[in-house]
Each structure stands twice: as structure tokens, then as C-alpha cells.
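# What would the 3D arrangement of this be:
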Amino acid sequence: CDLSNHDLIIWYEEDPYGVGYNVYSVNITSNDSAGDNVCFEILRGTDKDTNLSGKYTLSNSKKEFTVTPGYIDGFTLMASWYYYTSNAMNIPEIAPIVDGWIEIETQDNQLFTITFNVYDDLNNNITGSWSYKAN
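Predicted coordinates for the structure are as follows:
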């Protein structure tokens, strides 16, 4: 993935699965209307303020340090996905992320590095790395 002009958005989702671990949606999205985008749903910690650093493996186990594979609920895309936008109104490529790993490194909530090596449901390998330093 080309993640050269992207932002990081992390949403806290509490414990929607009732397994005792907090769920976070980690999204790397293009600042332009075109580009690669990825989102990962990770399970981490029992405290809302848990440091997200660690290596996470794709799994439906709902255990700590896992990433929930992408799936569809009705008409809604859920959990972990890759998608490419060609403009603000067109998403010609989209795929659920179903296997692999991501690694998140944080330092003092000011430096974030996310690296991933994942696969979609057609066994396409999707890799990338993104870093951000807060001012």
C-alpha cells in the first residue's frame, strides 16, 4: 500500500463481543480523494487507556492481541478491510482482510508506527507501513 499521504484514526469501541477485551478500530485513510486505505479491528487490554503497542494476529478467537477478520453483517462491512478509492465517490477495489498480522508501536502517544502483512479472501498479499509523529 502507498500510505505516503494518510492519517491515522483510532476509535475506541469498548467490548462489543462481551469477551473482556477492549476493541479499537485502527484506520489508515488517504488525505486525498484517491488512494489505498486499511482498517483493522484489534482486541487489546481490559483498561481503556491500554497502550496499543504489540503484534496482532488475524483470528476469530476474540482473544487479546488479535485482529478480527473482515466480514459483512447485512449490508455493513465490519472489522478489517482494505479498500482503494479512485475519487470521493468511487471505491473500485475492496477486500476483507482475513489472515496475517499487524504490528503497532507507540511512544508516549506521540509517535506511531504501524506495519502490516495481511491477506484478503482471495489470498492477495497486502503489505504496508505507516508512521506519524505528533507535534
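
# For the rest of this, base every contact and every neighbour count on C-alpha atoms.
Will do.

# Quick check: the residue positioned nearest the centre of the chain vs N90, distance?
Central residue of the chain (CA atoms, centre = their mean): F40, 2.0 Å from the mean position. Distance of F40 to N90, given as CA to CA, to the nearest Å: 21 Å.

# can you give me the strands in the protein?
6-12, 23-30, 35-43, 54-58, 66-68, 71-73, 76-78, 81-85, 93-107, 111-120, 125-133 (DSSP state E).

# Quick one: those strands as TSV, columns for mean pLDDT too.
Below are those laid out as TSV (pLDDT from 0 to 100):
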stretch	mean pLDDT
strand 6-12	88
strand 23-30	92
strand 35-43	93
strand 54-58	97
strand 66-68	97
strand 71-73	93
strand 76-78	89
strand 81-85	89
strand 93-107	93
strand 111-120	93
strand 125-133	90
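
# Tell me which of the ones you listed sits most buried.
Highest mean neighbour count among the strands of the chain (mean count of other CA atoms under 10 Å): strand 66-68, with a mean of 26.

# so what's T50 closest to, chain neighbours aside?
With CA to CA, 6 or more residues apart in numbering as the criterion, T50 has its nearest non-adjacent residue at 7.4 Å, and that residue is R44.

# What of F65?
F65 sits nearest to Y56 (CA to CA, 6+ apart), 4.6 Å away.

# pretty sure that neighbour is touching D99, no?
No. In this structure, Y56 is not within contact of D99 by CA atoms under 8 Å, at 10.8 Å.

# And S25, how far from E105?
Distance from S25 to E105, by CA to CA: 16 Å.

# make that N5, sorry
N5 is 19 Å from E105, by CA to CA.

# Equivalent analysis for T76, please.
Taking CA to CA, one finds T76 at 30 Å from E105.

# Equivalent analysis for G35, please.
24 Å.

# repeat for E64
16 Å.

# Kindly report the same for D120.
23 Å.

# Please apply the same query to Y82.
Counting by CA to CA, the gap from Y82 to E105 is 21 Å.

# Does I42 touch Y21 like I think?
No. Contact between I42 and Y21 fails when scored by CA under 8 Å: they sit 9.5 Å apart.
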